[in-house]
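Undergrad: could you look at this predicted model? Sequence included:
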Amino acid sequence: MILDTLTSPVILFFVLGFLAALLKSDLSIPEAFAKAMSIYLMAAIGLKGGVAVASSGVTSDLIVAAIAGLALSFLLPVIAFALLRQFGGLSKIDAGAVAAHYGSVSVVTFVTATEILTGRGLGPAGYMVAVLALMETPAIISGLMLAKRGEKQTNANAGTPWHEVLTNASVILLVGSFAIGVIAGADGFAPVKPLFDTGFRGVLCLFLLDMGLIAARRLVQSRKVTWRLVALAITIPILNGVIGTVTGTFIGLDIASAAALGILAASASYIAVPAAMRLALPEADPGIYLSMSLGITFPFNIIFGISIFAALAQMLG
Amino acid sequence: MILDTLTSPVILFFVLGFLAALLKSDLSIPEAFAKAMSIYLMAAIGLKGGVAVASSGVTSDLIVAAIAGLALSFLLPVIAFALLRQFGGLSKIDAGAVAAHYGSVSVVTFVTATEILTGRGLGPAGYMVAVLALMETPAIISGLMLAKRGEKQTNANAGTPWHEVLTNASVILLVGSFAIGVIAGADGFAPVKPLFDTGFRGVLCLFLLDMGLIAARRLVQSRKVTWRLVALAITIPILNGVIGTVTGTFIGLDIASAAALGILAASASYIAVPAAMRLALPEADPGIYLSMSLGITFPFNIIFGISIFAALAQMLG
Amino acid sequence: MILDTLTSPVILFFVLGFLAALLKSDLSIPEAFAKAMSIYLMAAIGLKGGVAVASSGVTSDLIVAAIAGLALSFLLPVIAFALLRQFGGLSKIDAGAVAAHYGSVSVVTFVTATEILTGRGLGPAGYMVAVLALMETPAIISGLMLAKRGEKQTNANAGTPWHEVLTNASVILLVGSFAIGVIAGADGFAPVKPLFDTGFRGVLCLFLLDMGLIAARRLVQSRKVTWRLVALAITIPILNGVIGTVTGTFIGLDIASAAALGILAASASYIAVPAAMRLALPEADPGIYLSMSLGITFPFNIIFGISIFAALAQMLG
Amino acid sequence: MIQTVMRKRIEILVDTPLAPRIVAQLKAVDISGWSLIHVDSGGGRSGEWQHDDVTGASAKTILLVIASEAKTEKLVEALAPVLDSYRLLLTISDVQVVRGERF
Amino acid sequence: MIQTVMRKRIEILVDTPLAPRIVAQLKAVDISGWSLIHVDSGGGRSGEWQHDDVTGASAKTILLVIASEAKTEKLVEALAPVLDSYRLLLTISDVQVVRGERF
Amino acid sequence: MIQTVMRKRIEILVDTPLAPRIVAQLKAVDISGWSLIHVDSGGGRSGEWQHDDVTGASAKTILLVIASEAKTEKLVEALAPVLDSYRLLLTISDVQVVRGERF
Ligand SMILES: Nc1ncnc2c1ncn2[C@@H]1O[C@H](COP(=O)(O)O)[C@@H](O)[C@H]1O
Ligand SMILES: Nc1ncnc2c1ncn2[C@@H]1O[C@H](COP(=O)(O)O)[C@@H](O)[C@H]1O
Ligand SMILES: Nc1ncnc2c1ncn2[C@@H]1O[C@H](COP(=O)(O)O)[C@@H](O)[C@H]1O
Ligand code: NA
Ligand code: NA
Ligand code: NA
């Protein structure tokens, strides 16, 4: 199955980008174009999820999955924090910042997983997009709580940046286009479908080309990641992914959606959370959390994680 | 009918952007991508208009509509100028600059209207694209004449920037791709149709998302717009739109094209004219004309204006 | 046949851009968007070539064409160098730098030719994409050898920048997506085909619009191009194109592929080679080589060259 | 000759996500104007970086501020506590300004 | 040691659509070189702005010019009439320049 | 008052493809930090140019470096041989730096 993944153009473009950066090629995707693609991908996935929920309605599965997602995002940082402190040897602040990343989710990992699973007839339910959006922020709160546990009084400047967290671009875009999808329904979606559906996988290829470049450069430029942290950047997603997949199966989700919940749990944020951490914990070292989540966990999930948790969900389901 | 408009994804994305900016979200569309989309939209609309005229030929309707458009663009600033001076309390220079915006047109308002009207079986004639292009510049000239009326001698530096006005990007692009459409015809257009036709509405969604952000930020950041000016930024487009729709009906255009002429008259430029005014009337305050045209009139037209003038055209027609 | 070319939207957009720049319009395509389009075009052409080879297999034609391409790229600079020194009056260093451009290839010229030839039922074989990639770099080496012939010892700083030349963005992207096409095959390509195939010509239109602007601005801003150099910027591509087409026919390629080889030989690089020359021969004047390759040869090939070499291949074939 | 006055030109290199915080500090010491200059990439003791819009967290920006000497001193005092935790690079030089009354 | 000479470093913050006019003034006083630096956003007494390519009218740019003192004075004189109407921000400082003959 | 120290502010305008070479020179003289500022366009004796990402060869960039006087001198010496062939524009000015120990 991993081999299967490795012949998909989507993954191959990621590998191409990764190799190009390791070879120190001057290949680069203009930032504006990369950001445009990420906006497109989020709008597309939000719309499609919303349209799916518009036709299925609000089911009990949706509600159960939403609660499970919220709980996972809130609780997974606790385990990660313990590992990062004990085994990883990080300071309380750095450990809290990194833990928040692993509790939150990576939109691109989810999108790639959806594409690959759908290609195998394992497309997750539309409401998983809502779960994705819900899982972005709780981890930020628990990460900050862990980082500041035991401190007397947090000064105003360093408190949780509630406003930024709740109105952050990816949350607004996902929730907003999900809502538009729900309102417009399949009929309203039809006229915009050519752009948001037909072109989707091609754009994902080019976006993953860029993510490969960014991930490998991040890996090469990082100076502060010890071997223990490298090990954790692979162990934590496996652990989280297993917990997520088992939870998904246990609460009765279909196989594909349980796999998707596992992948969400395994994925680490590299958009919303770094921005929030830079604001709320400026003392935490961005070199550590970006190298781990973007340089190691992201490629691991794209190439191995997706297949692993899909296989696990099929075994359990 | 307004409700109808409000469930179209195209409009909903505009609303999403508007709300995101009001919530002070950090959502933003990269400038380069926004400009790319506007170039795409102008090329697409130009091509489609040209292809339509290539098959219909140059009809008397086309000629009559073109003359009407030119006249409207030249004359509408006079009414606006009087209102802005008397009721709005603006200086001669600021009033002239603002009036030029209201005589000229907004390409995006036209494009959005075309999409929405076509969705209701009310697609305007292809030649209206030529009318759109013709209406961009005359208002600049009459706006400048109004602003400088009574001045002895205008110094060279502050004269009409003829060259910039006539070769401005949107005029060149609209006229150029219209001409390409005419030359290529339906057969020549076929191979490029997938990009310029199929993807059109989806791109319009993302572009209006950005316009929502820009319009709301402009509204929030503007400090110089009095309540009187807010009232005029709604009254002038209504007045102009009614004049345009009535004129369109009167000169014998079909219902859809009369509505389109109304919408062109109602719309206010925020690309070609601000650039020209910055050059020709640097003393005029850009805060005023951009806030009015982009912050108030543009959203008003997108959400209400299009439906109002379409309804009026149907009543009259 | 040239007239035929001149009514294709692809070429007309190039002409529009060219005229807009000559009129000193402020029309401009955001750099990030232009670069994004060039990445898209290279990925698309690489993929399509790879998929074609995946189904045809490695034929003897492919191998013969590859060898011919390598030889042409390596040898054509020698003729160009002699002409540039003798007739053009350039210094050894400038002549070597310019000669490298003419031995190498222009991806966009190739892509445009492929589109136009395919439109006439003359689509070149898929493996020509591999030939394109192979022809990019040998000319750099022979250009540098010519520029430095007779020098005792080249200092380290000014040696051939092997690493940059071999990992340069367009080589990596073409070779990489060619390989992805080969691995994925027609089945793997299917899901991404809507983006990379259907939208292709439309994107090419917008890209050529930008190339028209860039080429004309380059032409206007260049101050160092004498009439002799202008003449050579037209003579060299004709000469090279004839050599390439004859070679292609002689080694037994089909008519379309022989024409394509001619066009590759005629085309002059304006991406990979200028970057390499800036590094390896910083003393060479970029004003000369960019004006010749981008300002004169590129438009000449797009508007006349493609048709000329296609006609020649048909005559010979 | 046109009258010029001496003012301070302050350049603050800051992580883009933190820039609004610095702007808030400017306003707090009554400095009313600033400009953000686009920085493409850079390197320092903590490694190299490129501007990247996807993970905005690693981009940097230069805040350019013209201010009077008195306000500049106040600003430096105000930024002192975060200089290290925000990893700011702060430089100050002298400039002649035309129409300097406004600073 | 390499020879350096003292020149003026002029920074002019200007609305992007007006930049060509300033460049024309540079040429008029015989200054032959300039560079345009990208400004992303800013704020002043007339509110805040972001670079926006759609309505180009509200973007700003920094014109960086190295020139001799004599030419700088001429430039400032030449720009004096439009300083206010163009809302220019103009600063001048001293710099050491290598290969300074050309300015 | 916060302690500031005097350092040199070096601006090097260079063709973007050559920037990595200059950065290598910085490292060679033990300067550990630099920032690349985005330049949109410009003009000089050899004509005008716009930043263009398609043919990257004609874009330019400003390398901004804060360094001690001693390192600055070393850098200028090191760049001397390529100043002309690379067509560099190099300016040096004085700045006050907070936390200046690191330069
Ligand atoms: N003190 C300052 N320092 C740096 N930039 C400034 C300053 N004041 C104004 N600006 C810039 O100039 C623009 C116009 O200023 P104003 O005319 O005061 O609104 C602002 O938006 C800033 O980009
Ligand atoms: N006096 C100057 N002030 C600022 N930038 C300059 C100056 N002279 C040249 N430049 C920049 O350096 C580039 C090359 O200059 P040149 O070698 O004179 O053509 C120009 O395109 C400008 O971007
Ligand atoms: N000496 C310097 N001159 C210019 N920019 C610098 C310098 N040192 C650091 N920087 C910038 O500040 C960023 C952070 O520096 P550091 O904290 O030393 O890693 C670097 O990536 C550069 O963009
Ligand atoms: Na997670
Ligand atoms: Na109007
Ligand atoms: Na060639």
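TA: Sure, I can see it. Numbers count the residues shown, from 1 in each chain, chains lettered A, B, ... in the order given. Ligands and ions are numbered 1, 2, ... in the order given.

Undergrad: where do the strands sit along chain D?
TA: D:4-15, D:34-44, D:47-50, D:60-67, D:89-98 (DSSP state E).

Undergrad: pick out the shakiest of these, pLDDT-wise.
TA: Among the strands of chain D, strand D:47-50 has the lowest mean pLDDT, at a mean of 84.

Undergrad: near ligand 3 at all, that strand?
TA: Yes. Applying C-beta under 6 Å from any ligand atom, one finds strand D:47-50 touching ligand 3 at residue D:49. Yep, even glycine has a C-beta here, placed from its N, CA and C like the rest.

Undergrad: in chain D, which residue sits closest to ligand 1?
TA: Residue of chain D nearest ligand 1, by C-beta to the nearest ligand atom: residue D:33 (1.9 Å).

Undergrad: what are the phi and psi values for that residue?
TA: Main-chain dihedrals, residue D:33, degrees, to the nearest 10: phi -130, psi 150.

Undergrad: quick one: which helix or strand includes the residue in the stretch 201-317 of chain A that ligand 1 sits nearest to?
TA: Scanning the stretch 201-317 of chain A for the residue nearest ligand 1 gives residue A:279, at 23.3 Å (criterion: C-beta to the nearest ligand atom). If you go by DSSP states H and E, residue A:279 is part of helix A:272-280.

Undergrad: toward the C-terminus, what is the element adjacent to that helix?
TA: helix A:286-290.

Undergrad: is ligand 4 contacted by the helix or strand hosting residue A:315?
TA: Element membership of residue A:315, judged by DSSP H and E, is helix A:306-316. No. Helix A:306-316 is not in contact with ligand 4 by C-beta under 5 Å from the ion; minimum separation 11.6 Å.

Undergrad: same thing with stretch A:255-263?
TA: No. Stretch A:255-263 does not reach ligand 4 (C-beta under 5 Å from the ion); its nearest approach is 8.8 Å.

Undergrad: need phi/psi at the residue in chain A that chain E sits nearest to.
TA: Across chain A, the shortest distance to chain E (C-beta to the nearest C-beta) belongs to residue A:32, at 9.7 Å. Note on residue A:32: backbone dihedrals following degrees, to the nearest 10 are phi -60, psi -40.

Undergrad: for it, give me its contacts.
TA: Going by C-beta atoms under 8 Å, 6 or more residues apart in numbering or on different chains, residue A:32 touches B:30-33, C:30, C:32-33, C:36, D:53.

Undergrad: compute the number of surrounding residues for residue A:239.
TA: 18 (other C-beta atoms under 10 Å in any protein chain shown).

Undergrad: neighbours around the closest residue to residue D:90 other than its chain neighbours, how many?
TA: Nearest residue to residue D:90, sequence neighbours excluded (C-beta to C-beta, 6 or more residues apart in numbering or on different chains): residue F:98, at 4.6 Å. Counted by other C-beta under 10 Å, the residues lying close to residue F:98 total 18.

Undergrad: gap between residue F:98 and residue F:13?
TA: From residue F:98 across to residue F:13, the span is 26 Å (C-beta to C-beta, to the nearest Å).

Undergrad: near chain F, which residues of chain D show up?
TA: D:11, D:13, D:37-45, D:60, D:62, D:73, D:76-77, D:80, D:83-84, D:88-93 (C-beta under 8 Å from any C-beta of the partner chain).

Undergrad: which positions in the helix holding residue A:315 come out as buried?
TA: A:306-310, A:312-314 (16 or more other C-beta atoms under 10 Å in any protein chain shown).

Undergrad: so what does that helix touch, helix or strand wise?
TA: Contacts defined by 3 or more C-beta pairs under 8 Å, 6 or more residues apart in numbering or on different chains; DSSP states H and E place helix A:306-316 against helix A:2-6, helix A:107-119, helix A:227-250, helix A:255-266.

Undergrad: now those helices in CSV, with distance to residue B:291?
TA: Formatted as CSV, the helices and strands packed on helix A:306-316 follow (distance: least, C-beta to C-beta, whole Å):
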stretch, distance to residue B:291
helix A:2-6, 52
helix A:107-119, 35
helix A:227-250, 48
helix A:255-266, 43
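
Undergrad: among those, which is the most enclosed?
TA: Most buried of these by mean neighbour count (mean count of other C-beta atoms under 10 Å in any protein chain shown) is helix A:255-266; its value is a mean of 29.

Undergrad: C-alpha coordinates for that one, CSV please?
TA: Output of helix A:255-266 as CSV, limited to C-alpha atoms (Å, rounded to 0.1, in the frame of the first residue of the first chain):
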residue,chain,number,x,y,z
ILE,A,255,-13.5,2.9,8.2
ALA,A,256,-12.5,5.8,6.0
SER,A,257,-13.5,8.4,8.6
ALA,A,258,-11.7,6.6,11.4
ALA,A,259,-8.6,6.6,9.3
ALA,A,260,-9.1,10.3,8.7
LEU,A,261,-9.4,10.9,12.4
GLY,A,262,-6.2,9.0,12.9
ILE,A,263,-4.4,11.1,10.3
LEU,A,264,-5.7,14.3,11.9
ALA,A,265,-4.4,13.2,15.3
ALA,A,266,-1.1,12.2,13.8
